[in-house]
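# Compute the structure for the input listed below.
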Amino acid sequence: MRNIFLVYMPPGNAEAMVHYEDTIKTRVPFARVAKFLTQDARSRLDQVFGGRPMAVWGSAGGKANRAKFDRMQQGDEILIVEGDRIKLIGHIALKLENADLSRELWKPLRGNIGATWELVYFIANPRELDVPFVEFNRLFEYADEFRLRGLTAIAEDRLDRFYARYDDLYSVLVRIKSGEPVATKPTLVATRATEPPAPPAVELEPEDVDELIASPEVSDHAKMQWKLARLGLKAGERIWIPTADQTRLRKLFDFDQCDRQFTAGIDLPHSYVENIDVVWKQEFRIDAAYEVENLTAIYSGLLRFADLTILAPNTIYPMFIVAQAARKGQVRDQLRRPAFRQLKLADKVCFLSYETVDEIDGFFSGAASGLNIDLINGKAEALL
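Model (predicted):
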């Protein structure tokens, strides 16, 4: 269970707003902070941010703040609250105590030369929200008039009750902001009784592996994974593909730009995500999930998406079944199963045909960027 921290900014605090613009909205180049960091810290930031500019914030030292700072771990959520509005949410990528780095990033503007904010935290996936803080109070069972001061950590009993009912805090807050209903986790999970048993494992000799990789069925599936992975890079995404499939893509297409590990801090048990065929992601969030169904039964991909929906009913990232256009009817038929209908899975899952992926891949063949998830969503087909 991840911690949740809140940082309070008094409304109209000019110094705080200047620093917010400088190191949160504008973000900080890696080169600016590198000389203040240990080799281990530089390596960890490079692993998370890949050299991209980073959002950074800090709190003043002191006994109360330091006790909360000591609880911070990578993947914990942090919210910045200005007055009565939630201004931003993100995840802790790295924390460190460093007065010299603080003086480099946040120079006092009002003559208090000795002021430092040496409890420094790097924030991954910073996303601005503008949600009334009272909505947060209600989610965590605080009184509506509860007010923050400085750095606050949510108590463990409140975290337990929240995560027992809800999944991803960001998705919940986005739903509240847009006026959409917020779902709670169901007490019962969907049955897998209709899924046939897995076939017995077969040991392959090294020479058999080459033959398997060369088979048309495997190649078509791998080709779609490869194309979706390449498109994700052009959309500015990081790519996750199951570990075994990464080896195959390296051998078939000399493609070696996947994350080696699935990042901690994403709001799901890894076992439910790591076997999805292609995931577009950022440091601590999923942006899109793709299940490629070449010759396998359509329901296998839908079952994975059903698991995600049960575990995290408020998720807002798109999920796609990718298959030949002729199989769209099969996907629609499978979505009529009672378990999938109960989860309203057809509202969340779209169909993306091989032909459409080929079309998008061809259009962006000469481009290194310019693609985004909205374009993929626009090309995908609804299954209602």
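
# okay, now the domains of the protein?
Domains of the chain are assigned by automatic domain parsing as 4-178, 206-379.

# ok, how many other residues are close to Ala93?
By the measure other CB atoms under 10 Å, the count of residues near Ala93 is 25. To be clear about C-beta, it is placed using only N, CA and C from the backbone, and glycine gets the same treatment.

# With the one 4 residues further on instead?
Residues lying near Glu97 (other CB under 10 Å) number 14.

# Then Gly58?
Residues lying near Gly58 (other CB under 10 Å) number 26.

# Could you pull out the strands in the stretch 201-350 of the chain for me?
Using DSSP state E, counting those that start in this stretch, the strands found in the stretch 201-350 of the chain span residues 238-240, 278-282, 285-292, 319-323, 349-353.

# Any idea how far the first one is from the middle of the chain?
For strand 238-240, the distance from its own C-alpha centre to the chain's C-alpha centre is 11 Å (CA atoms, centre = their mean, to the nearest Å).

# Give the buried residues for that strand.
238-240 (16 or more other CB atoms under 10 Å).

# Next, the spatially closest residue to Asn3 that is not a sequence neighbour: phi, psi?
Among residues not flanking Asn3 along the chain, Asp76 sits closest, at 4.3 Å (CB to CB, 6 or more residues apart in numbering). Main-chain torsions, Asp76, degrees, to the nearest 10: phi -60, psi 150.

# wait, what's in contact with Asp76?
2-5, 91-92, 265 (CB atoms under 8 Å, 6 or more residues apart in numbering).

# Read off the pLDDT value for Leu308.
pLDDT, Leu308: 84.

# Report the spatially nearest residue to it, omitting neighbours in sequence.
Tyr272 (6.1 Å).

# Just to check, the one you found is in contact with Thr309?
No. Counting by CB atoms under 8 Å, Tyr272 sits too far from Thr309 to count as a contact (10.5 Å).

# can you put the domains of the chain in JSON lines and add distance to Lys185?
Shown next, in JSON lines, are the domains of the chain (distance: least, CB to CB, whole Å):
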{"stretch": "domain 4-178", "distance to Lys185": "6"}
{"stretch": "domain 206-379", "distance to Lys185": "6"}
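
# which one of those has the lowest average pLDDT?
Comparing mean pLDDT over the domains of the chain, the weakest stretch is domain 206-379, at a mean of 85.

# And it, how far out from the chain middle?
Averaging C-alpha positions (CA atoms, centre = their mean) puts domain 206-379 15 Å from its chain's average.

# one step back: can you name the residues that contact the residue nearest to Leu308?
Counting by CB under 8 Å, 6+ apart, Tyr272 has contacts 304, 307-308, 311.

# make it 7 Å
Shown in contact with Tyr272 (CB atoms under 7 Å, 6 or more residues apart in numbering): 307-308, 311.

# again, but for Asp287
237, 280-281, 317, 373.

# closest to Glu141 among those residues?
Tyr317 (27.6 Å; CB to CB).

# Can you give me the neighbour number for the closest one?
Neighbour tally, Tyr317, other CB under 10 Å: 18.

# Now it. Nearest residue, chain neighbours left out?
According to CB to CB, 6+ apart, the nearest residue to Tyr317 is Ile286 (5.0 Å).

# right, and Asn126 touches Lys25 too?
One thing to correct before we go on: residue 126 is Pro, not Asn. No. Applying CB atoms under 7 Å as the test, Pro126 and Lys25 come out as separate, 8.5 Å apart.
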